[in-house]
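**Q** below are the sequence and a predicted model for it; my questions follow.
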There are 2 protein chains.
Amino acid sequence: MPELVEAPTYLGALQAFNVYGAEYVSVPIDENGLRTELLEEPLRSGPKFMYVLPNFQNPAGTTLSEGRRHELVMLSERYGIPIIEDDPYGQLRYEGEHLPSLVVLDRNNLRRDNGYSIGNVIYLSTFSKTLAPGLRLGWIVAPPEVISKLAQLKQGADLHTSTFTQFVAYEVARDGFLDRHVKLIRKIYRERRDVMLQALQEFFPPAVTWTHPQGGLFLWVTLPAGLDMKGIFNAALEQNVAFVPGDSFYARDGRGNDSREGSRHMRLNFSNAAPEQIREGIHRLAAAVKSHLTGTTLRLKLPLQV
Amino acid sequence: MPELVEAPTYLGALQAFNVYGAEYVSVPIDENGLRTELLEEPLRSGPKFMYVLPNFQNPAGTTLSEGRRHELVMLSERYGIPIIEDDPYGQLRYEGEHLPSLVVLDRNNLRRDNGYSIGNVIYLSTFSKTLAPGLRLGWIVAPPEVISKLAQLKQGADLHTSTFTQFVAYEVARDGFLDRHVKLIRKIYRERRDVMLQALQEFFPPAVTWTHPQGGLFLWVTLPAGLDMKGIFNAALEQNVAFVPGDSFYARDGRGNDSREGSRHMRLNFSNAAPEQIREGIHRLAAAVKSHLTGTTLRLKLPLQV
């Protein structure tokens, strides 16, 4: 049985699943997140679970709309396919209203009059994006039966998460530092996002598009089809600008379409660099893209290679 | 291909291997550790690796003799089967001389005149038994090619070990605390081991035997065959004394002999309780054993149940 993932989806999740011989069915996303209208057919094939990032998705920066959240939870219940809701960035919203998480919608749906129901959503989050990635500390919200199984599996994998880092996180949350810190980084990251969006607008050619993330750390650039992404990557690196090429974020599902789709995309991170660096970086990246864009326009006059 | 493990062996390793569908071939240990004279036949069946705890083994407390260390490394090279040397307790030696680790013997054997050799031993150790188990911090000594593969696998599993706890361990090692602390716990644990050995001698019936660990945290009690271990376990728990029944430490290899062997054993920990508690605990445990020993002696007069 395959795992259902978004296309594109978080690279680290694919790496974690791959070790266990996972197979994938990918469902595309758009500016409003996972395209739930395409889910019925893959759900009928009985995937083990759906792995979804509703908020400011990694890599695309998109957010699942409220309507689709309801639809996704409803489909999960109808087909009996659990959802793994991965929400590392939910607290890093820079504009718009907070949307209800899938696990909350699912809990509200629990038909308690119908006897016992364990719920269909396993919710994951982390201190990595708000406190420090170096702590390696996160949490899971799930029915007690699921938590108990996960604890057994975690015992086999690493016995337990460091109690020391748990105490550290507890202390900084308890004394209010974490709340203040999240407010601070929201302000800083929003400014950096805006600087990147402005620079993209200013420097990138009209044939290139990108997402407008309401939060998180990343945005997703879409280039015209047929560009030499490896050439762009190398040209950018020569100018000391790095990005993650899009093909890493597509699960291999044997049909081969996805990696071709991925070769049109770049994941850009806007949280890490200072505003002036972001502006200069986008300037250099645009030059690398433009040089290849011209090349492609010329090449497209030659017979197409398949 | 199976994994070759000691019988008994560390429960946590079995749990870690089980997730990947491991199959086992078990080779028994005695007071001098893994019985290397029994290795040739199982090695010819081509196990993926041999998992061995040479120092103060968990659960048995036994130590692999120097002669057998040489033999093991030689066999590993002859059959091309790598050794995973797990050494969490090596620094906790209370008597006798430090013995060379397998990874050192293997490095000394490297035939550098014969071109490049990657070495056959992957050495594991940890801060869990010397500094604090809650840090979840350890290290691996292996050829660079192996480390590079392991780093990739670890990235898929948990991205990386907490940098924060690594800094903490670095600081306490650098300023000399760790060395002083290990000297202190060696003294304390040696005293506790001696108290437990003395209490066993004093309170346990002559039909029961146990190992005499030169270090580590555990010793291994062997009861006469045919006792009701579950009954002894429950009787001890009623007196607020816990131990780990031996059958958990035997890999299931399909032949079924091992768990029956395990039902004669108890793993006792001597590092955790204060001397007076150890003495009282062994006193109570001896009573639980004795009550069942009498029962068995009586039951043995009845026809044997198979």
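**A** Yes, it's here.
**Q** could you use CA atoms for every contact and neighbour count after this?
**A** Fine.
**Q** what about residue A:144, neighbour count?
**A** 10 (other CA atoms under 10 Å in any protein chain shown).
**Q** could you report the pLDDT at it?
**A** If you check residue A:144, the pLDDT there is 92.
**Q** with residue A:293 instead?
**A** You'll see residue A:293 listed with a pLDDT of 86.
**Q** buried ones in the one helix or strand it maps to?
**A** Applying DSSP states H and E as the criterion places residue A:293 in helix A:275-299. Residues A:275, A:278-279, A:281-290, A:292-293, A:296 are the ones in helix A:275-299 that count as buried (16 or more other CA atoms under 10 Å in any protein chain shown).
**Q** residues making contact with it?
**A** For helix A:275-299, contacts defined as CA atoms under 8 Å, 6 or more residues apart in numbering or on different chains pick out A:191-192, A:195-196, A:199-200, A:203-205, A:226-228, A:231-232, A:235-236, A:239, A:241, A:270.
**Q** before we move on, the earlier item: between the buried residues of helix A:275-299, which is closest to residue A:218?
**A** residue A:278 (12.7 Å; CA to CA).
**Q** how far away is the closest one from chain B?
**A** 26 Å (CA to the nearest CA, to the nearest Å).
**Q** pLDDT below threshold where in the stretch 51-200 of chain A?
**A** Applying pLDDT under 70 to the stretch 51-200 of chain A flags residues A:110-118.
**Q** nearest to chain B: which residue in it?
**A** residue A:156 (4.5 Å; CA to the nearest CA).
**Q** which parts of the host helix or strand of that residue are buried?
**A** Per DSSP H and E, residue A:156 falls inside helix A:144-158. Neighbour-count burial for helix A:144-158, with 16+ other CA under 10 Å as criterion, is recorded at A:153, A:156, A:157.
**Q** direction-wise, compare that helix with helix B:144-158 and give the angle.
**A** Computed by axes from the mean of the first three to the mean of the last three CA atoms, to 10 degrees, the angle separating helix A:144-158 from helix B:144-158 equals 170 degrees.
**Q** between the following helix or strand past helix A:144-158 and helix B:163-174, how many degrees?
**A** Downstream of helix A:144-158, the first helix or strand assigned by DSSP H and E is helix A:163-174. Relative orientation of helix A:163-174 and helix B:163-174, computed by the same axes, to 10 degrees: 120 degrees.
**Q** helices and strands around the next helix or strand along the chain from helix A:163-174, which ones?
**A** Next helix or strand after helix A:163-174 toward the C-terminus (DSSP H and E): helix A:177-203. On a contact count with 3 or more CA pairs under 8 Å, 6 or more residues apart in numbering or on different chains; DSSP states H and E, helix A:177-203 meets helix A:275-299.
**Q** recalculate using a threshold of 10 Å.
**A** Judged by 3 or more CA pairs under 10 Å, 6 or more residues apart in numbering or on different chains; DSSP states H and E, helix A:177-203 is in contact with helix A:163-174, strand A:209-210, strand A:218-222, strand A:265-269, helix A:275-299.
**Q** in that helix, which residues are buried?
**A** Applying 16+ other CA under 10 Å to helix A:177-203 flags A:178, A:182, A:185-186, A:188-197, A:199-200, A:203 as buried.
**Q** can you pull the residues of the stretch 51-200 of chain A lying near chain B?
**A** A:132-137, A:152-166 (CA under 10 Å from any CA of the partner chain).
**Q** switch to 7 Å and redo it
**A** A:134, A:135, A:136, A:156, A:157, A:162, A:163, A:164 (CA under 7 Å from any CA of the partner chain).
**Q** contacts only, for the third one.
**A** Contact criterion CA atoms under 7 Å, 6 or more residues apart in numbering or on different chains gives A:128, B:162 as the residues in contact with residue A:136.
**Q** residue A:173 versus that one, what's the distance?
**A** 16 Å (CA to CA, to the nearest Å).
**Q** for the fourth one, same thing?
**A** Between residue A:156 and residue A:173 the computed distance is 29 Å (CA to CA).
**Q** same check, this time on the first one
**A** Relative to residue A:173, residue A:134 is positioned 16 Å away (criterion: CA to CA).
**Q** looking at those two, which is more packed in?
**A** Neighbour totals were compared for residue A:134 and residue A:173, and residue A:134 leads with 18 against 15 (other CA under 10 Å).
**Q** which residues touch the more buried one?
**A** B:162, B:163, B:164.
**Q** can you add distance to residue B:11 and neighbour count and give these back as TSV?
**A** Listed next are these as TSV, based on distance: CA to CA, whole Å; neighbours: other CA atoms under 10 Å in any protein chain shown:
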residue	distance to residue B:11	neighbour count
B:162	25	21
B:163	28	15
B:164	28	17
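**Q** of these, which fall within the contact range of chain A?
**A** When contact is defined as CA under 7 Å from any CA, those meet chain A at B:162, B:163, B:164.
**Q** just checking, residue A:94 touches residue A:192?
**A** No - with contact defined as CA atoms under 7 Å, residue A:94 does not count as touching residue A:192 (10.8 Å).
**Q** follow-up on the earlier one: run the chain-centre distance for the helix holding residue A:156.
**A** 25 Å (CA atoms, centre = their mean, to the nearest Å).
**Q** contact partners of it?
**A** A:160, B:12, B:15, B:16.
**Q** name the nearest residue to residue A:263, ignoring sequence neighbours.
**A** Spatially, and ignoring its direct neighbours in sequence, residue A:263 is nearest to residue A:247 (5.4 Å; CA to CA, 6 or more residues apart in numbering or on different chains).
**Q** tell me how many other residues surround that neighbour.
**A** Residue A:247 has 21 neighbouring residues, counting by other CA under 10 Å.
**Q** residue contacts, the closest residue to chain B within the stretch 201-306 of chain A?
**A** Residue of the stretch 201-306 of chain A nearest chain B, by CA to the nearest CA: residue A:248 (13.7 Å). The neighbours of residue A:248, taking CA under 7 Å, 6+ apart as the test, are residue A:11.
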